[in-house]
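Undergrad: one predicted model, sequence on top.
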Amino acid sequence: MKQARSAAVLKETKANLYEQVADKVTRLIENGTFRAGDRIPSVRRIHKDMKVSVTTAIEAYRLLEDRGAIQARPQSGFYVLPHYPKSIDVPDVPRVDANPTPIQMSDYFRMIIHDVGNPDMIQLGSLQPDPELLPMHRLNLILSAAVRRNKRKSLLYDEIQGYKPLRVQIAQQLLAAGCVVDPKEIIITSGCAEAIMLALIATCEPGDAVAVESPVFFNLLMLLELFKIKVVEIPTHPVHGIVLESLEDALKEHPISACFANPNFSTPTGSCMPQENKRRLVQMLAERAIPLIEDDIYGDIYYHAERPWAAKAFDTRGLVLSCSSFSKTLAPGFRVGWIVPGRFKSRVEHAKSVGNSATATPPQMAIAEFLADGGYNRHLRNIRRLYAQKITAMAKAVERFFPKGTKITHPKGGFSLWVELPLPSDSLKLYERAHQRGISFVPGPLFSARQKYENFLRLNAAMWSEKAEEAIATIGYLAAEL
């Protein structure tokens with residue numbers, strides 16, 4: 001009996017010990033000693049510094065993984081994950097009307113969109129990367145050298161598909177997204193916006209209906225308005241992305257020409273579809289021969305151990321037109337993007353030749369060399385860590401300054417934060433007040449063809465700074481006042 005009781009005490013002491021170790025590491029994370037994206041001490045370092053066994057250290061780290069505080073990266077170690085405020089809930093899945101809707105953006109909305117690019121305002125709206133994190137010096141050196149080496153070629157039109165060495169490098173990068181792509185299948189574009197525009201031209205006609213996530217990026221709504229294409233809004237889960245059951249119902253009820261999705265870190269919610277959901281999405285559309293236009297522009301800005309696969313990875317029939325660019329990760333001013341259009345390649349090439357016969361050659365040369373020497377992947381490792389810290393800091397500021405009852409998303413990549421204010425808040429009125437104080441964000445109604453999401457707003461965490469924190473405090477004060 002005594003031996004059994006001693007064994008039980010020993011077991012309980014061991015359990016308490018690894019929990020104590022986990023709690024100590026948690027406190028280090030909470031007080032900012034280790035921030036999102038940082039590598040924490042190894043198991044052997046914990047074993048040595050905290051005077052515990054290796055087994056206890058391993059169990060403590062497993063507990064922290066279960067809590068979602070850290071994540072193991074193969075042959076690299078353990079890293080801190082973004083830790084969002086536990087006191088703030090995630091927004092609910094929206095209710096939307098799935099009937100086809102023509103788009104009519106008001107002049108007022110266009111004014112707000114114009115403000116999003118205004119450098120004289122404190123920018124919490126425009127989803128531009130932090131210029132301080134861009135490899136400007138290195139890219140400019142490469143660009144100058146490339147132009148000197150290729151004096152003739154750099155001044156002439158390249159082929160419609162784009163600079164071949166860049167297409168080779170993009171094909172290699174796409175392996176991490178689960179895509180095995182021949183460089184011949186890639187067409188270089190002037191940013192991701194042109195890629196999506198070409199995809200719409202290749203798949204739709206005026207008067208057609210396109211199924212889109214709701215909420216959805218307002219630039220897409222503007223493109224659809226330009227092409228006189230109707231929208232069928234599909235509710236989007238703030239964590240798991242587009243709700244497939246709702247999409248399936250819409251496909252049964254309406255003739256839909258294409259579907260648009262942003263599976264990896266969607267704008268504005270930051271949601272990321274699980275791999276199986278991506279597979280089901282591609283299969284569901286393929287069964288009906290409906291093309292999927294995929295925006296994967298944030299796929300490389302992930303905070304966890306591995307890059308999430310693109311929907312294109314599950315495409316066996318060439319029906320996925322996958323679009324992306326280097327604008328969010330590397331050089332927005334270079335305007336270099338791409339599209340992998342599958343069976344629609346000839347249509348996309350024709351549209352490209354008519355509207356914009358070639359993408360600028362020198363930026364393609366510079367990016368191709370930057371990718372080839374490994375600079376891009378080193379750069380990505382750095383910005384992932386820093387953006388994880390920035391979005392965590394912004395989420396905590398929203399918790400601190402915004403009214404009680406506010407909800408925020410918990411993105412695992414990108415740098416967009418989707419905020420739900422308690423009803424009956426009006427984000428358009430809030431925008432007017434913030435605008436008067438030189439602060440820009442994007443009100444929720446701009447993300448819906450039906451101008452829903454009146455009490456929502458989108459914030460850009462990439463530009464996080466002391467000045468941005470003051471702006472968040474001001475918005476929170478104004479929200480409470482309204």
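TA: Sure, I can see it. Numbering: from 1, shown residues only.
Undergrad: CA atoms only for the host helix or strand of Glu470 - export them in CSV, please.
TA: In this assignment (DSSP states H and E), Glu470 forms part of helix 466-481. What follows is helix 466-481, C-alpha atoms only, in CSV (Å, rounded to 0.1, in the frame of the first residue of the first chain):
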residue,chain,number,x,y,z
GLU,A,466,3.6,53.1,-32.2
LYS,A,467,1.8,55.5,-34.5
ALA,A,468,-0.5,52.7,-35.6
GLU,A,469,-1.2,51.8,-32.0
GLU,A,470,-2.2,55.3,-31.3
ALA,A,471,-4.6,55.2,-34.3
ILE,A,472,-6.1,51.9,-33.0
ALA,A,473,-6.7,53.6,-29.6
THR,A,474,-8.4,56.5,-31.4
ILE,A,475,-10.6,54.2,-33.5
GLY,A,476,-11.6,52.3,-30.3
TYR,A,477,-12.5,55.5,-28.5
LEU,A,478,-14.6,56.7,-31.5
ALA,A,479,-16.3,53.3,-31.7
ALA,A,480,-17.2,53.5,-28.0
GLU,A,481,-18.5,57.1,-28.4
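Undergrad: any regions of the stretch 201-350 of the chain where pLDDT drops low?
TA: For the stretch 201-350 of the chain, no stretch has pLDDT under 70.
Undergrad: need the helices for it, in chain order.
TA: With DSSP state H, counting those that start in this stretch, the ranges of helices along the stretch 201-350 of the chain come out as 218-226, 244-253, 275-286, 345-355.
Undergrad: so which of those is nearest Val442?
TA: Among these, the nearest to Val442 by Cβ to Cβ is helix 218-226 (7.3 Å). All C-beta atoms are positioned from the backbone trio N, CA, C, and that covers glycine.
Undergrad: quick one: list the elements packing against that closest one.
TA: The contact analysis (3 or more Cβ pairs under 8 Å, 6 or more residues apart in numbering; DSSP states H and E) places helix 218-226 against helix 107-116, helix 191-203, strand 209-214, strand 230-237.
Undergrad: mind listing what the third one pairs with, with the direction of each?
TA: In this case it means strand 209-214. strand 230-237 (parallel), strand 258-261 (parallel) (DSSP bridges).
Undergrad: give me the angle between that strand and helix 191-203.
TA: Relative orientation of strand 209-214 and helix 191-203, computed by axes from the mean of the first three to the mean of the last three Cα atoms, to 10 degrees: 150 degrees.
Undergrad: what's next to stretch 152-169, contact-wise?
TA: Stretch 152-169 has contacts (Cβ atoms under 8 Å, 6 or more residues apart in numbering) with 146-147, 183-184, 186-189, 336, 338, 349, 352-353, 357-359, 361-362, 364-365, 367-369, 371-372.
Undergrad: beyond the helix or strand hosting Arg148, next helix or strand please.
TA: Under the criterion of DSSP H and E, Arg148 resides in helix 136-149. Moving toward the C-terminus from helix 136-149, the next helix or strand (DSSP H and E) is helix 164-173.
Undergrad: show me how far the next helix or strand after that following helix is from its chain's centre.
TA: Sequence-wise, the next helix or strand downstream of helix 164-173 (DSSP H and E) is strand 187-189. Strand 187-189 has its C-alpha centroid displaced from the chain centroid by 21 Å (Cα atoms, centre = their mean, to the nearest Å).
Undergrad: now stretch 461-474
TA: Using Cα atoms, centre = their mean, the offset of stretch 461-474 from its chain centre is 20 Å.
Undergrad: list of residues touching the helix holding Arg148?
TA: Residues from elsewhere that reach helix 136-149 (Cβ under 8 Å, 6+ apart): Ser154, Leu330, Ala331, Phe334, Pro362, Pro363, Met365, Ala366, Ile367, Glu369, Phe370, Gly375.
Undergrad: ok, which of the strands paired with strand 209-214 comes nearest Pro102?
TA: Of the strands paired with strand 209-214, nearest to Pro102 by Cβ to Cβ is strand 230-237, at 5.4 Å.
Undergrad: quick check: angle from that closest one to helix 244-253?
TA: Interaxial angle, strand 230-237 versus helix 244-253 (the same axes, to 10 degrees): 160 degrees.
Undergrad: any idea how far strand 230-237 is from the chain center?
TA: For strand 230-237, the distance to the chain centre is 18 Å (Cα atoms, centre = their mean).
Undergrad: tell me the buried residues in that strand?
TA: Lys230, Val231, Val232, Glu233, Ile234, Pro235, Thr236, His237 (16 or more other Cβ atoms under 10 Å).
Undergrad: so how far is Pro235 from Thr361?
TA: 43 Å (Cβ to Cβ, to the nearest Å).
Undergrad: got it, and Asp315?
TA: Distance of Asp315 to Pro235, computed by Cβ to Cβ: 24 Å.
Undergrad: picking up where we left off before, put the buried members of the contacts of stretch 152-169 into a PyMOL selection.
TA: Typed into PyMOL, the line below selects the buried ones among these, using 16+ other Cβ under 10 Å:
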select buried, resi 146+147+183+186+187+188+189+336+338+349+352+358+359+361+362+364+365+367+368+369+371
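Undergrad: need the helices for the stretch 351-482 of the chain, in chain order.
TA: Here the stretch 351-482 of the chain has its helices, by DSSP H, counting those that start in this stretch, at 361-372, 375-401, 427-436, 466-481.
Undergrad: the first one to helix 164-173, inter-axis angle?
TA: What it means is helix 361-372. Going by the same axes, to 10 degrees, helix 361-372 makes 40 degrees with helix 164-173.
Undergrad: out of the helices and strands packed on helix 218-226, which gets nearest to Glu432?
TA: Short answer: helix 107-116, nearest of the helices and strands packed on helix 218-226 by Cβ to Cβ, at 9.7 Å.
Undergrad: buried residues, the closest one. List them.
TA: Buried residues in helix 107-116 (16+ other Cβ under 10 Å): Phe109, Ile112, Ile113, Asp115, Val116.
Undergrad: ok now do the last one, which residues does it touch?
TA: Think Val116. Shown in contact with Val116 (Cβ under 8 Å, 6+ apart): Gln123, Gly125, Ser126, Ser440, Val442.
Undergrad: top of the residues you listed by neighbour count?
TA: Tallying neighbours with other Cβ atoms under 10 Å puts Val442 at the head of those, with 29 neighbours.
Undergrad: please look at it and Pro215 and confirm they touch.
TA: No. Using Cβ atoms under 8 Å, Val442 makes no contact with Pro215, being 10.3 Å away.
Undergrad: show me the common contact partners of the two, please.
TA: Pro268.
Undergrad: about what we covered before: quick one: which of the helices and strands packed on helix 218-226 is nearest Leu17?
TA: strand 230-237 (39.1 Å).
Undergrad: quick one: the closest one to helix 275-286, angle?
TA: Using the same axes, to 10 degrees: strand 230-237 against helix 275-286 is 160 degrees.
Undergrad: which stretches in the stretch 1-150 of the chain count as helices?
TA: 2-30, 43-49, 54-66, 107-116, 136-149.
Undergrad: just the CA atoms of the second one, as CSV, please.
TA: These are the backbone C-alpha positions of helix 43-49, laid out as CSV (Å, rounded to 0.1, in the frame of the first residue of the first chain):
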residue,chain,number,x,y,z
VAL,A,43,14.6,20.6,-25.2
ARG,A,44,18.2,20.1,-24.2
ARG,A,45,18.6,23.7,-23.2
ILE,A,46,15.4,23.5,-21.0
HIS,A,47,16.7,20.3,-19.5
LYS,A,48,20.0,22.0,-18.6
ASP,A,49,18.7,25.4,-17.5
